[in-house]
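Enquirer: the amino acid sequence is not available; the structure is as follows:
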Ligand SMILES: [Zn+2]
């Protein structure tokens, strides 16, 4: 399958699949790169187009593709801000900073955990139970925070 079709299938914003690998019958690894040319400096909010460096690639688990465990190989980019001279890592909408899972994968884990046990979800997704539990509690906490904010605003 051509890479642009993987990009369409993946359906995540502002990124492109540049390579696909299927190291075994159960796994697919999609190498991706960001198509955005600008990142916003977290310190002074100035847009920057100067790429300073690329971090080492990491594997980010995503929703399964046709029953294959799916991983994105992602090199996050470091930009340099022309105003405050600092370099910073680009933030992307589909991934929490420093997480090894896409946001939609975390949501999937959370929803499964609401209907079954951590052990069942762990076996089903072939993901360690500590990881499953960690994702579940992080998301549950976030939801409680949102709920509280919603109530105090009304
Ligand atoms: Zn700046």
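Expert: Cool, the structure landed. What you are looking at is a predicted structure, and each value in this text was computed from that prediction instead of being measured.

Enquirer: could you count how many residues lie near residue 109?
Expert: Counted with other CB atoms under 10 Å, the burial measure for residue 109 works out to 25 neighbours. Backbone N, C-alpha and C define where each C-beta goes, glycine included.

Enquirer: not counting sequence-adjacent ones, nearest residue to it?
Expert: Counting by CB to CB, 6 or more residues apart in numbering, residue 135 is the residue found nearest to residue 109 once chain neighbours are left out, at 4.6 Å.

Enquirer: and residue 72, by the same measure?
Expert: Of all residues apart from its sequence neighbours, residue 60 sits closest to residue 72 (CB to CB, 6+ apart), at 4.6 Å.

Enquirer: quick one: that neighbour and residue 106 touch, right?
Expert: No - using CB atoms under 8 Å, residue 60 makes no contact with residue 106, being 10.7 Å away.

Enquirer: list the buried residues for the helix or strand hosting residue 60?
Expert: Taking DSSP states H and E as the definition, residue 60 sits inside strand 58-65. Along strand 58-65, these residues count as buried under the neighbour rule (16 or more other CB atoms under 10 Å): 60, 61, 62, 64, 65.

Enquirer: tell me the secondary structure for the residue nearest to residue 6 when sequence neighbours are not counted?
Expert: In space, and not counting its chain neighbours, residue 6 is closest to residue 17: 4.0 Å by CB to CB, 6+ apart. Following DSSP: H, G, I helix; E, B strand; the rest coil, the label given to residue 17 is strand.

Enquirer: need the contact list for residue 17.
Expert: Contacts for residue 17 (CB atoms under 8 Å, 6 or more residues apart in numbering) come out as 3, 4, 6, 7, 10, 30, 31, 32.

Enquirer: with residue 80 instead?
Expert: Listed by CB under 8 Å, 6+ apart, the contact partners of residue 80 are 48, 50, 51, 52, 86, 87.

Enquirer: coming back round to it: quick one: the helix or strand hosting the residue nearest to residue 109 to strand 58-65, angle?
Expert: Using DSSP H and E, the secondary-structure element containing residue 135 is helix 129-153. In this structure, helix 129-153 runs at an angle of 80 degrees to strand 58-65, with axes from the mean of the first three to the mean of the last three CA atoms, to 10 degrees as the basis.

Enquirer: packing partners of the helix or strand containing residue 104?
Expert: For residue 104, the enclosing helix or strand under DSSP H and E is helix 103-115. In terms of contacts (3 or more CB pairs under 8 Å, 6 or more residues apart in numbering; DSSP states H and E), helix 103-115 is packed against strand 58-65, helix 118-125, helix 129-153.
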